[in-house]
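J.: Output the structure for:
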Amino acid sequence: MAANIIPETDLSKGDLWVFGYGSLMWRPGFDFTEQVPARLIGEHRALCVYSFDHRGTPEKPGLVLGLDRGGACRGIAFRVAAARRHETVEYLRGREQTTNVYREVMRSVWLENEARQRVSALAYVVDRGHVQYAGRLSLTEQLRYVQQGHGRSGNNRDYVLSTVKAIEAQGLRDPQLHQLAAMLHEG
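T.: Prediction:
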C-alpha cells in the first residue's frame, strides 16, 4: 500500500510546525525550537486505530490515537527550524507511517499563546478506509484492546496513561481518555 504522504513541494517552507495530539506530546523524538499549546478544528482525538506495530500485533492488536473527522482537538504545536525540516519529516514518516494507517496532511492550527496566531502544521489523520481503522468503539472494547496490546514500543496501557498525563500537563481533560485511564487503574 502506498504511503499517504505530502509531496515535498507541498510542505511549507521556512520553519515547520508539527501538531502532536498523542504520543508526540510526551515523546516527540525530534529537535524543536518551541512548543505551544494549540487547537486543531475539524478533527478530534480518538482511540480509533488498531495498532499492529507500536502497541500491538496483527494477532493481538492494541489501540492507539488518531485524528478522526469532526470536532476539535487540543494538543501541542512544535516549531522545527527550517534546517531540520527534512530530517524531522523523514523521522515522522518512519514513526507514524509504518503501516500507512495515517494520512500526512497540513492543517491549520491555532496557537494558544499571546499572539493567538494560526499556523499550518503537519498532522497525521486516520485513513478511514484503512483496515486498521477501528471506528467508534465502546469503552469496554477499548479497554480490552488496550489491556491486550503490546508492540515494539511497549505496552498499550503505558501509551494511554502517558497520553492522559501529557493532556493533564497542559491543564486539559479528555473525558473519554480519562474514563479509560480510570478503568485501567482499577484493573
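J.: Enumerate every residue touching residue 51.
T.: By C-beta atoms under 8 Å, 6 or more residues apart in numbering, the contact set of residue 51 is 61-64, 132, 149, 151, 156. Bear in mind the C-beta positions are built from the backbone N, C-alpha and C, glycine included.
J.: same question, residue 161
T.: Counting by C-beta under 8 Å, 6+ apart, residue 161 has contacts 181, 184.
J.: hmm, back to that, quick check: the farthest pair among the contacts of residue 51?
T.: 132 and 156 (13.9 Å; C-beta to C-beta).
J.: residues contacting the residue nearest the centre of the chain?
T.: Centroid-nearest residue in the chain, with C-alpha atoms, centre = their mean: residue 22, separated by 3.9 Å. Taking C-beta under 8 Å, 6+ apart, we find residue 22 in contact with 45, 64-65, 159, 163.
J.: Residue 65 versus that one, what's the distance?
T.: Distance, residue 22 to residue 65, using C-beta to C-beta, to the nearest Å: 4 Å.
J.: which neighbours do these two share?
T.: Common contacts of residue 22 and residue 65 (C-beta under 8 Å, 6+ apart): 45, 163.
J.: Distance-wise, check the residue nearest to the centre of the chain relative to residue 115.
T.: From residue 22 to residue 115 the distance is 25 Å (C-beta to C-beta).
J.: Could you do residue 134 as well?
T.: From residue 134 over to residue 115 (counting by C-beta to C-beta), the distance is 37 Å.
J.: neighbour-wise, which of those two wins?
T.: residue 134 (21 against 9; other C-beta atoms under 10 Å).
J.: So that one sits against residue 50, correct?
T.: Yes: the pair residue 134 / residue 50 is scored as a contact, 5.1 Å apart, by C-beta atoms under 8 Å.
J.: Could you name every residue contacting both of the two?
T.: Counting by C-beta under 8 Å, 6+ apart, the shared contacts of residue 134 and residue 50 are 63, 145.
J.: what's the closest non-adjacent residue to residue 124?
T.: Sequence neighbours aside, residue 102 is the residue nearest to residue 124 in space, at 3.9 Å (criterion: C-beta to C-beta, 6 or more residues apart in numbering).
J.: what bits of the chain have low per-residue confidence?
T.: Within the chain, the ranges that satisfy pLDDT under 70 run 1-12, 187.
J.: in a helix, that's where residue 25 is, yeah?
T.: Yes: assigned with DSSP: H, G, I helix; E, B strand; the rest coil, residue 25 falls within a helix.
J.: count of neighbours near it?
T.: Residues near residue 25, counting by other C-beta under 10 Å: 21.
J.: now it: how far from residue 73?
T.: Distance of residue 25 to residue 73, given as C-beta to C-beta: 11 Å.
J.: same thing with residue 37?
T.: 12 Å.
J.: now do residue 96
T.: 16 Å.
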